[in-house]
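A.B. asks: Make a model of this:
(one chain, ligands or ions: 1)
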Amino acid sequence: MRILLFGPPGVGKGTQAKLLAEAYAIPHYSTGDMLRAAAAAHTQLGLQAKQLMDAGHLVPDPVMIGIVREVLVSPAGRQGFILDGFPRTLPQAEALVDIFREIGITTFCVINVDVDAEEIVRRLGSRLVCDREGKIFNSELDHVQAGEPCPSCGTPLTQRKDDRPDAIRQRLSVYHVKSASVLTFYERLGVVHTVDGAGSNESVNREVRIVLDASVCP
Ligand code: AMP
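C.D. replies: Below is the predicted model of the structure:
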């Protein structure tokens, strides 16, 4: 199964991707997670990317295309995957066509998670992360604040720098300017399935799985 998870920042793509990776036993490749791992490891790429990410800007296309190509051509990537956060621009979508051609992939589907803009701003503004386990919490729903211990492992929870109000505005604007055309690109190919991302993680996941289990996604 090859799934591209698409949607603006804050719709819960990461959470859905993790649930789907577990349910279908396929690898989850999140370009945001890869960049954050590179930044935490202080690699040259990571340090350069961090500045752009913190400000809500995109990392340049050639860098992102190189990263994704590397994982998809690997033996693990050839078994199927969930790609989360890529492609985000038209050049990335076009490059992915070439990568798929190179590794012989002819079928895939795009799950577009749709949530209205006001709700996105609210969700991102209240998102907290556990840097140790990568778990995501919501300060309103989970009744935790930044600096308080992760309910699961006790590590102090933090707010991502790009979840601060000015960076959220920048990321949403980038999405509308650059990423919306990616959806049009895939709609023309007839591979997009839109699900309502407004409910709980579990209900959204049920909806996504109904789409996937209906075999629309080979
Ligand atoms: P995410 O965790 O998917 O919200 O990504 C966090 C940040 O990583 C984005 O705001 C970008 O700065 C960067 N990033 C992730 N994926 C891409 C991509 N496909 N193209 C460019 N930048 C990306």
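A.B. asks: All the helices of the protein, in order from the start?
C.D. replies: 13-24, 31-40, 44-54, 61-73, 90-103, 117-125, 165-174, 180-189, 201-211 (DSSP state H).
A.B. asks: Pick out the residue of the protein closest to the ligand.
C.D. replies: Nearest residue of the chain to the ligand, counting by Cβ to the nearest ligand atom: Gly32, 2.1 Å away. For glycine as for every other residue, the C-beta is placed from the backbone atoms N, C-alpha and C.
A.B. asks: Check whether that residue really touches Gly85, as I assumed.
C.D. replies: Yes - the pair Gly32 / Gly85 is scored as a contact, 4.8 Å apart, by Cβ atoms under 8 Å.
A.B. asks: So those two - more neighbours on which side?
C.D. replies: Comparing Gly32 with Gly85 by other Cβ atoms under 10 Å, the one with more neighbours is Gly85, at 22 against 19.
A.B. asks: Report pLDDT for the more buried one.
C.D. replies: Per-residue confidence (pLDDT) for Gly85: 96.
A.B. asks: hang on, Lys161 packs against Ala167?
C.D. replies: Yes - between Lys161 and Ala167 there is a contact at 6.6 Å, judged by Cβ under 8 Å.
A.B. asks: Tell me which of the two has more neighbours.
C.D. replies: Ala167 (19 against 12).
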